[in-house]
Each structure stands twice: as C-alpha cells, then as structure tokens.
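[1] Quick one, structure for this:
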Amino acid sequence: MRDWAQELVGRARDEGVDLTGEQGLLTSMVREVLQAGLDVEMTEHLGYEPYEAVGRGSGNTRNGGYPKTVTTDVGPVELRMPRDRSGTFEPVTVPKHVRRLEGLGANVISLYAKGLTTGEIQAHLAEIYGTEVSRETISKITDQVLPDMHAWQSRPLDRVCAVLLIDAIVVKVRDSQVANRPVYVAIGVNLDGERDVLGLWLGPSGGEGAKQWMSMLTELKNRGIADALIVCCDGLKGLPDAIRVAWPNATVQTCVVHYADVRVMPRRLRMARNRLGSVVLRSA
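    Below is the predicted model of the structure:
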C-alpha cells in the first residue's frame, strides 16, 4: 500500500496536480484528520465538549494550544496541539515529542480510498501508533472531517474554464459487498494555466457512462462554470454530446492520452484568452 501511495503521488506530480506541499490536497486532508483527532481526544480526556457548562469546576479544563509541525509522507503539516491545565493530556494521534509520522500518507490514502470499516481503521492506527483507539473516537473524527469534504465538493467555481479534463478510474468499493465502481474525475485549467481538481464523484457499478457524466457536468455548470473552452475526454460513446449539452460552444478534444496533451497547450490557452471577451458576453 505504501508503494502504491507513493506511485499515486508521483503520477499526480507528473501531471501537474498539486496533491502534496503546503497547499496540496492530501496535505490539507492529513491536517484535517490529525487536528480532528487531537480535538476529539481532548474532549474524551476531559469528558465534555468545548464551552459546555459542565466543564466549569470540573478540576481540569482546556488551556489553549501551541503550534507544532510534524513531517509526514506528503510534507510538513502545521498543527495546533491542545493543552489541559493539569498537564495530563497524552495524545495518541500525534504523541508528545514526536516530530515525524512515518507511513502516514499511505495510511490516510488507504483509509479514504478503500472505504475501510471502523474496525479496520482501528487496526491501522494500532499498527501505526501501537495504541488502541476506540471505534467511537474514529467515528467522531470522521464526522468532524465530513463537513469540510462536503464544502469542498460544493464550492463555487470560476465562470470560465479554459481547459477541462475529464476521465473515470475504476476502484474497488466495499458497500454490502466489494464491487468495481467508477470514480469520475474533473480537473480544470484556468486562463492563467493553473490547475485545480474540480470534483470527484463515485458512480454506480457497471463502468463509466455518458449519462452519469451528464449529471457531473451539469453540477459543474451549476457551481459556476458558465463556459468551458476546451474539454478533453476519452472516446466514450455519447460523451461529446453530453459535453455540448452543458457547454454548446466548447471545443471537444478526444484523445487516448488527453492528460498528456495539456502539456502542449500553451498555444490553445492563448487562443482561449483571446476568446474570453466574447465568451463572457455570450454566457451573460
């Protein structure tokens, strides 16, 4: 799993998608998970939520926090370590005096990508830290991370997308049983050549379908993309028609290696900039 995670991150770097680094997608995910874990641990240690009246006169209370940088497989992560007044808090998520969390990136990827149960996640954390973390704590951590994930999935997008790259990958997903299901991926390139992962959607079993893409593209349009100048996709039957329903004037480029093609896009991006004025008027 560790080798697979490193290969995934390496490919993402080659394709120009920021997953690691200070503003990387995986770095933010790791930061959210670790911070949520620390906050949940403090709540369990004290026995009450922040600002609850029951904490007054309890003998021990929260006492702020201090910054700490830990090194992970996806880069340095800035955290705020919570403190209690009695100094008895011993976190498991990021133990005291630990500055490097080996194998964390691979494990975070595996927890999210493989849809592990709380019991399996519990076993992973035990393997990493050598300490048992309750399933209830794991569920609370997940619950705290989910709102941020939903906010990312529904965030507003730029009005014009110069290049939109869409494709689907097939992964094994455990629901009532393990099945192969497509994950629809949309990556946008703005008029300055900057890339961003616009969305990830888990589709039904049975492989990639143009009808499903129609729903995803409509969602991107509803989130703010009034026009996409160039849309790169594979040769899936019906997909160009679905694209033109969302953006009638988009140039559809079908190519088996469409992700690699964006490396030779500077001329097309210049053309996209020249079209920007008419696009805004057309989309108004």
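[2] hang on, residue 32 packs against residue 147?
    No - applying C-beta atoms under 8 Å as the test, residue 32 and residue 147 come out as separate, 10.1 Å apart. Every C-beta, even on glycine, is put in place using the N, C-alpha and C of the backbone.
[3] Which residue ranges of the protein form helices?
    Assigned helices in the chain, in chain order: 2-14, 25-46, 104-113, 118-129, 135-153, 210-222, 239-246, 258-261, 266-283 (criterion: DSSP state H).
[4] quick one: which of residue 32 and residue 147 has more around it?
    Taking neighbours as other C-beta atoms under 10 Å, residue 32 and residue 147 compare with residue 32 leading, 16 against 9.
[5] and the gap between the more buried one and residue 79?
    The spacing between residue 32 and residue 79, counted by C-beta to C-beta, to the nearest Å, is 10 Å.
[6] what about the nearest residue to residue 246 once chain neighbours are set aside, neighbour count?
    In space, residue 246 comes closest to residue 217 once its chain neighbours are excluded; the distance is 4.2 Å by C-beta to C-beta, 6 or more residues apart in numbering. Neighbour count of residue 217, defined by other C-beta under 10 Å: 27.
[7] In contact with residue 217, which residues?
    Applying C-beta atoms under 8 Å, 6 or more residues apart in numbering to residue 217 gives the contacts 166, 242, 243, 245, 246, 247.
[8] again, but for residue 253
    When contacts are counted by C-beta under 8 Å, 6+ apart, residue 253 is found next to 230, 231, 232, 233, 261.
[9] Same question for residue 54.
    Residue 54 makes contact with 47, 48, according to C-beta under 8 Å, 6+ apart.
[10] May I have stretch 187-204 exported as PDB, CA atoms only?
    Backbone C-alpha positions of stretch 187-204 (Å, rounded to 0.1, in the frame of the first residue of the first chain) are rendered in PDB as follows:
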ATOM      1  CA  ILE A 187      -9.600  18.700 -13.500                       C
ATOM      2  CA  GLY A 188      -9.800  22.300 -14.600                       C
ATOM      3  CA  VAL A 189      -7.200  24.700 -16.000                       C
ATOM      4  CA  ASN A 190      -7.900  28.400 -15.700                       C
ATOM      5  CA  LEU A 191      -6.800  31.200 -18.100                       C
ATOM      6  CA  ASP A 192      -3.500  31.500 -16.200                       C
ATOM      7  CA  GLY A 193      -2.700  27.900 -16.700                       C
ATOM      8  CA  GLU A 194      -3.300  26.900 -13.100                       C
ATOM      9  CA  ARG A 195      -4.900  23.500 -12.400                       C
ATOM     10  CA  ASP A 196      -7.400  22.500  -9.800                       C
ATOM     11  CA  VAL A 197      -9.300  19.300  -9.000                       C
ATOM     12  CA  LEU A 198     -12.900  20.500  -9.500                       C
ATOM     13  CA  GLY A 199     -14.700  17.300  -8.400                       C
ATOM     14  CA  LEU A 200     -14.700  13.600  -7.600                       C
ATOM     15  CA  TRP A 201     -17.800  11.500  -7.900                       C
ATOM     16  CA  LEU A 202     -18.400   7.900  -7.100                       C
ATOM     17  CA  GLY A 203     -20.600   6.300  -9.800                       C
ATOM     18  CA  PRO A 204     -22.700   3.100  -9.800                       C
END
